[in-house]
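1. Sequence first, predicted coordinates after that:
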Amino acid sequence: MILASINTNNAPNMTPIAEWLGATNPENFLVAFVALYIIVNVLTILVFNLGFARKLPVLKTIVVYVMMLFGNIFLTFLALTLPIIESLAVAAIVLGLYKLQLRRHKQESPDASE
């Protein structure tokens, strides 16, 4: 009875996005990994642009993006089993709403003082 209940499947638990992209299938793993890498890069750059208050010079921006592209390889490995993409999406939504409210407040502020 005990032997029948032991799970012989050694595959790790994947996130729903990784499963949807087909990362559980060894034949589709590379395609799923590249898709996850692209999604992580897009969301990381979006969160960086929404969250960083001031503009950087061009060379510094290029260095930051290159380091992000390199560091996101490791985040993509984590995104297979941890909710990295979901967390980045929530951060992008929160920062986007903050920027929208900040822009709306700045547009209303001169009208209120006159």
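-> Sure, I can see it.
2. so is residue 55 in a helix, a strand, or just coil?
-> coil (DSSP: H, G, I helix; E, B strand; the rest coil).
3. what is the rounded mean pLDDT of the longest helix seen in the chain?
-> Longest among the helix segments of the chain by residue count, using DSSP state H, is helix 84-113. Helix 84-113 shows a mean pLDDT of 86 in the predicted model.
4. Which neighbouring elements make contact with that helix?
-> helix 29-51, helix 58-79 (3 or more C-beta pairs under 8 Å, 6 or more residues apart in numbering; DSSP states H and E). The C-beta positions use only the backbone N, C-alpha and C, and glycine is treated the same way.
5. With respect to residue 88, which of these lies nearest?
-> helix 29-51 (3.8 Å; C-beta to C-beta).
6. coming back round to it: for the helices and strands packed on helix 84-113, which one ends up most surrounded?
-> helix 29-51 (a mean of 17; mean count of other C-beta atoms under 10 Å).
7. Can I get that one in PDB? Just the C-alpha atoms.
-> In PDB, the C-alpha atoms belonging to helix 29-51 read as follows (Å, rounded to 0.1, in the frame of the first residue of the first chain):
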ATOM      1  CA  PHE A  29      12.000  22.800 -22.800                       C
ATOM      2  CA  LEU A  30      14.400  25.000 -24.900                       C
ATOM      3  CA  VAL A  31      11.500  26.800 -26.600                       C
ATOM      4  CA  ALA A  32       9.800  27.300 -23.200                       C
ATOM      5  CA  PHE A  33      13.000  28.500 -21.600                       C
ATOM      6  CA  VAL A  34      13.600  31.100 -24.400                       C
ATOM      7  CA  ALA A  35      10.000  32.300 -24.200                       C
ATOM      8  CA  LEU A  36      10.300  32.600 -20.400                       C
ATOM      9  CA  TYR A  37      13.600  34.500 -20.900                       C
ATOM     10  CA  ILE A  38      12.000  37.000 -23.300                       C
ATOM     11  CA  ILE A  39       9.000  37.500 -20.900                       C
ATOM     12  CA  VAL A  40      11.300  38.000 -17.900                       C
ATOM     13  CA  ASN A  41      13.400  40.500 -19.900                       C
ATOM     14  CA  VAL A  42      10.400  42.500 -21.100                       C
ATOM     15  CA  LEU A  43       8.900  42.700 -17.600                       C
ATOM     16  CA  THR A  44      12.200  43.500 -16.000                       C
ATOM     17  CA  ILE A  45      12.900  46.400 -18.400                       C
ATOM     18  CA  LEU A  46       9.300  47.600 -17.900                       C
ATOM     19  CA  VAL A  47       9.600  47.600 -14.100                       C
ATOM     20  CA  PHE A  48      13.000  49.300 -14.300                       C
ATOM     21  CA  ASN A  49      11.600  52.100 -16.600                       C
ATOM     22  CA  LEU A  50       8.500  52.600 -14.400                       C
ATOM     23  CA  GLY A  51      10.400  52.500 -11.100                       C
END
